[in-house]
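K.L.:
I need the structure of the sequence given here:
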Amino acid sequence: MTAAIAHNTHVTLPEGHRMRARWYRPARNNGLNAAVIVIHDIFGFTDDQARIAERLADNGYPVLAPDLYDRPGVRALCMARTLRDHERGHGAAFEHLEACRRWVLEQDEEPVRSVAMMGFCMGGRFALLFAARGGLRVVAPFYGGVPRSAGALTGICPVVGGWGKKDLIYGGHGERLERHLTDLGVPHDVKTYPDAGHSYMNDHQTFYFKKLADYSPLRARYQPDAAEDSWQRVLAFFKNTLSEQLSA
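P.N.:
Next up is the predicted model:
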């Protein structure tokens, strides 16, 4: 398999700051005319985000992986402001995601008419709430916080995602999301894995993840079986949804 072509780039934000990102071009485009934006977890712009982006690119998708912590000012404050926007469900971070969406539509290296988004942990909630604003064709949130009210997701696109039941904080949010989407009549494939915890798709090579994660309420640990099942569901759901919209 020929590797995807990846290079560093920047997305110009509304305030003029150039937010760093990685842009992945597939060796062979899948012809769906869709790009995927991958939103990182709370640990930020890491090799794990790159691993996920590369797998999507290996399946024919152009992928943009932005650093949401790269905002004007001191980095610690930038992280705090991003997390504040995450909790509130509105703020500059959502405008930065919109800048990313426009970037992939306006770039001229790959044919893109539709935008998908995939997010993890913090990025899962960002992806879910951003999708409810419109502008995405399909979204894949993983183990992020889900609003209590279905009304907060009115207008959302088709959704595929996953949660781990061993997660003592967010483990029930997948079932909540499934109820919301059913009530809203939105096509979806949301699965809760009984033997997985938080971050089961993220394979961070850190001391915390390898030695300490099981002791946290999140029970955060990479779970390869649940991760691979989720990948298969995401790729099938993306292909089916985007193919239908391509031919509509």
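
K.L.:
which stretches in this protein count as helices?
P.N.:
Taking DSSP state H as the test, the helices found in the chain are 47-58, 75-88, 92-106, 122-131, 173-184, 207, 224-247.

K.L.:
pLDDT of the last one, averaged?
P.N.:
Confidence over helix 224-247 (mean pLDDT, whole number) is 94.

K.L.:
so it versus helix 47-58, what angle?
P.N.:
Here the directions of helix 224-247 and helix 47-58 differ by 50 degrees (axes from the mean of the first three to the mean of the last three C-alpha atoms, to 10 degrees).

K.L.:
please begin residue numbering at 36 from this point
P.N.:
Fine by me, first position is 36 from now on; the one you just mentioned is helix 259-282.

K.L.:
coming back round to it: of the helices of the chain, which is nearest His42?
P.N.:
When the helices of the chain are compared by C-beta to C-beta, helix 82-93 sits nearest His42, at 11.9 Å. For the C-beta atoms, the positions are set from N, CA and C on the backbone; glycine is no exception.

K.L.:
ok, residues contacting the closest one?
P.N.:
With contacts defined as C-beta atoms under 8 Å, 6 or more residues apart in numbering, helix 82-93 is touched by 36, 38-39, 41, 57, 59-62, 71, 73, 75-76, 98, 100, 153, 155, 236-240, 266.

K.L.:
which of the residues you listed fall in strands?
P.N.:
Of these, the ones assigned to strands by DSSP state E are 41, 57, 59-60, 71, 73, 98, 100, 153, 155.

K.L.:
buried deepest among the helices of the chain, which one?
P.N.:
Neighbour counts (mean count of other C-beta atoms under 10 Å) averaged over each of those peak at helix 157-166, with a mean of 27.

K.L.:
hang on, His208 packs against Pro176?
P.N.:
No: with contact defined as C-beta atoms under 8 Å, His208 does not count as touching Pro176 (9.4 Å).

K.L.:
partner residues bridging Val73?
P.N.:
Applying DSSP bridges to Val73 gives these bridge partners: Met153.
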